[in-house]
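Engineer: got a sequence here, can you build the structure:
(one chain, ligands or ions: 1)
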Amino acid sequence: MDIKYFDNAATTRINEEVLKEMFPYLTKEYGNASSMYSIGRQSRRAIENARKQVAQLLNCKPQEIYFTSCGTESDNTALKGVAFKNKEKGNHIITSKIEHPAILHTCQNLEKQGFEVTYLNVDEEGTIDIEQLNNSIKPSTILISIMFANNEIGTIEPIEQISYIAKKHNIIFHTDAVQACGNVPIDVQKMGIDMLSLSGHKINAPKGIGALYVKDGIEFETYMDGGHQEHSKRAGTENVAEIVGLGKACEMAKNNMEKHIKYLQNLRDYYISQVEEKIPDVKLNGSRKNRLPGNSNFSFKDIRGDELLLKLDEKGICASSGSACSTGSLEPSHVLTAIGLPQNLLDGTLRVTFGEDNTIEDVDYLVENLEQIVKMLRK
Ligand code: PLP
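Structural biologist: Below is the predicted model:
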């Protein structure tokens with residue numbers, strides 16, 4: 001059976017051009033980038049070229065980019081790094097209720113270590129409460145970390161408004177841009193972002209590579225002890241091939257941004273209109289306006305998301321539900337709970353996230369099956 005993949009927020013397929021760039025560094029160019037001889041120097045050059053490519057996508061300096069192993073590591077480094085570096089100044093951190101576990105669980109860990117965390121509410125579209133942000137700031141606030149765009153419902157947060165408030169109070173502003181990077185234009189200078197996390201596998205580079213942007217002058221404690229790699233800020237022999245892949249994916253994202261956004265928006269909007277036209281009792285979660293170009297998230301009344309996913313899987317369709325399966329029980333998603341979704345909609349959620357491999361015909365196939373399955377499950 002042909003697989004129809006609609007889960008690009010979970011991960012993406014490695015682009016062929018990205019793989020081609022990586023290949024030499026998995027084969028003949030195996031030198032350690034810290035070595036002085038020629039194949040070592042070649043690895044070093046490749047890493048520095050990738051650093052430039054990532055920096056160009058974000059409009060920052062190459063030396064402001066640190067390679068990590070994933071988005072989760074970037075988030076951990078940013079939060080723990082800033083918290084411990086500034087613990088004499090203050091112990092208060094502000095984040096939101098709808099962050100990814102890479103942020104939420106890091107914050108919970110910091111709370112156990114004496115830090116105080118405010119988790120901001122969001123409205124029914126998933127946009128953070130700016131007034132609450134303003135009112136939550138105290139002399140002890142050292143960091144604001146708000147995601148650029150949400151991984152479940154695709155809501156894009158008011159980043160420039162947040163950074164304006166952070167600047168006004170001289171507080172460091174970090175954003176988890178793992179979902180946004182490559183899917184919306186990001187200019188860290190114009191947007192006033194101090195730190196930003198991104199991940200390779202969401203932008204057609206491999207899994208296991210990420211980056212953290214840290215504005216010049218912002219100090220953070222190192223997370224990993226060891227050698228002097230990444231300006232002594234992230235020890236460990238560099239994963240050259242994957243760094244090269246991430247660099248290439250960032251270069252491609254920058255060059256194709258406008259076309260990419262239009263293509264995904266077109267698929268998304270067609271899908272949304274088809275579902276709303278053909279299936280009764282559905283609710284689109286998130287914002288219609290401030291939404292990631294490839295994200296859709298629907299709740300189907302009186303349906304169980306896990307059953308829906310299994311039936312779709314029988315048709316070769318890969319998508320995702322709004323529930324996190326933990327210890328054998330299905331818990332409603334913290335994001336859908338935070339936007340105040342009623343109980344009868346909470347269970348039947350389907351996230352469909354588009355990528356460049358999807359076509360309009362794929363959307364027709366998806367909607368056709370969805371229509372039938374929802375009808376059948378409701379019976
Ligand atoms: N932050 C967000 C918003 C994400 O969606 C994800 C992954 O889904 C992560 C962080 C973690 O990234 P990684 O899988 O590279 O650790």
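Engineer: where does the stretch 151-300 of the chain come near the ligand, residue by residue?
Structural biologist: Proximity of the stretch 151-300 of the chain to the ligand (C-beta under 6 Å from any ligand atom) is limited to residues Asn151, Asp176, Val178, Gln179, Ser199, His201, Gly210. To be clear about C-beta, it is placed using only N, CA and C from the backbone, and glycine gets the same treatment.
Engineer: neighbour-wise, give me the winner out of these.
Structural biologist: Asp176 (31 neighbours; other C-beta atoms under 10 Å).
Engineer: hmm, back to that, list just the nearest of the residues of the stretch 151-300 of the chain next to the ligand to Met191.
Structural biologist: Asp176 (14.1 Å; C-beta to C-beta).
Engineer: let me see the contact set for that closest one.
Structural biologist: Gly71, Asp75, Glu99, His100, Ala102, Ile103, Ser145, Ile146, Met147, Phe148, Leu196, Ser197 (C-beta atoms under 8 Å, 6 or more residues apart in numbering).
Engineer: do that again at 6 Å, thanks
Structural biologist: Asp75, Ile103, Met147, Ser197 (C-beta atoms under 6 Å, 6 or more residues apart in numbering).
Engineer: the second one: which element?
Structural biologist: When you say that, I think you mean Ile103. Ile103 is part of helix 101-112, with elements assigned from DSSP states H and E.
Engineer: related to what we said a few turns ago, take the contacts of Asp176 and keep only those in helices.
Structural biologist: Asp75, Ile103 (DSSP state H).
Engineer: which phi and psi values does the closest residue to the ligand within the chain adopt?
Structural biologist: Relative to the ligand, the nearest point of the chain is Gly71 (2.6 Å; C-beta to the nearest ligand atom). Phi and psi for Gly71, reported as degrees, to the nearest 10, are phi -60, psi -40.
Engineer: correct me if wrong: it contacts Ser199.
Structural biologist: Yes. With contact defined as C-beta atoms under 6 Å, Gly71 and Ser199 form a contacting pair (3.3 Å).
Engineer: what's the helix or strand encompassing Glu21 packed up against?
Structural biologist: Per DSSP H and E: Glu21 is located in helix 16-22. Contacts defined by 3 or more C-beta pairs under 6 Å, 6 or more residues apart in numbering; DSSP states H and E place helix 16-22 against helix 240-278.
Engineer: mind listing what's buried along the helix it packs on?
Structural biologist: Within helix 240-278, the residues scored as buried using 16 or more other C-beta atoms under 10 Å are 240-254, 257, 260-261, 263-264, 267-268, 271-272, 274-275.
Engineer: downstream of that helix, the next helix or strand is which one?
Structural biologist: Counting by DSSP H and E, the next helix or strand C-terminal to helix 240-278 is strand 282-284.
Engineer: partners of that following strand, with directions?
Structural biologist: strand 295-300 (antiparallel) (DSSP bridges).
Engineer: and the strand it pairs with, how far out from the chain middle?
Structural biologist: Put simply, strand 295-300 sits 18 Å off its chain's centre (C-alpha atoms, centre = their mean, to the nearest Å).
Engineer: which residues touch the one helix or strand His231 maps to?
Structural biologist: In the assignment (DSSP H and E), His231 maps to helix 229-232. Residues outside helix 229-232 that contact it (C-beta under 6 Å, 6+ apart): Tyr66, Ala235, Glu238.
Engineer: tell me who's in contact with Gly226.
Structural biologist: Going by C-beta under 6 Å, 6+ apart, Gly226 touches Ala235, Gly236.
Engineer: how far away is it from Lys233?
Structural biologist: 11 Å (C-beta to C-beta, to the nearest Å).
Engineer: cool, and Leu309?
Structural biologist: 40 Å.
Engineer: coming back round to it: what's the offset of the helix holding Glu21 from the middle of its chain?
Structural biologist: With C-alpha atoms, centre = their mean, you get 22 Å for helix 16-22.
Engineer: in the next helix-or-strand element following that helix, what counts as buried?
Structural biologist: Later in the chain than helix 16-22, the nearest helix or strand by DSSP H and E is helix 38-58. Within helix 38-58, the residues scored as buried using 16+ other C-beta under 10 Å are 40, 42-44, 46-47, 49-51, 53-58.
Engineer: next: stretch 168-175.
Structural biologist: Quick answer for stretch 168-175 (16+ other C-beta under 10 Å): Ile171, Ile172, Phe173, His174, Thr175.
Engineer: and the last one, what are its bridge partners?
Structural biologist: Each beta-bridge partner of Thr175 is listed here: Leu196, as defined by DSSP bridges.
Engineer: ok so, going back, mean confidence score for the helix holding His231?
Structural biologist: Helix 229-232 carries an average pLDDT of 94.
Engineer: export it as CSV, just CAs?
Structural biologist: The C-alpha trace of helix 229-232 is given here as CSV (Å, rounded to 0.1, in the frame of the first residue of the first chain):
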residue,chain,number,x,y,z
GLN,A,229,34.0,22.2,20.6
GLU,A,230,31.4,24.9,19.7
HIS,A,231,33.4,27.8,21.4
SER,A,232,33.7,25.6,24.5
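Engineer: how far does that helix sit from the chain's center?
Structural biologist: The answer for helix 229-232 is 24 Å, by C-alpha atoms, centre = their mean.
Engineer: in it, what's buried?
Structural biologist: Gln229, Glu230.
Engineer: need the pLDDT of the residue of the chain closest to the ligand.
Structural biologist: Confidence score, pLDDT, at Gly71: 98.
Engineer: what about it, how many residues close to it?
Structural biologist: Neighbours of Gly71 (other C-beta under 10 Å): 27.
Engineer: for it, give its distance to Arg351.
Structural biologist: 18 Å.
Engineer: equivalent analysis for Lys61, please.
Structural biologist: Taken as C-beta to C-beta, the span from Lys61 to Arg351 is 36 Å.
Engineer: neighbour count for those two, which is higher?
Structural biologist: Arg351 (25 against 14).
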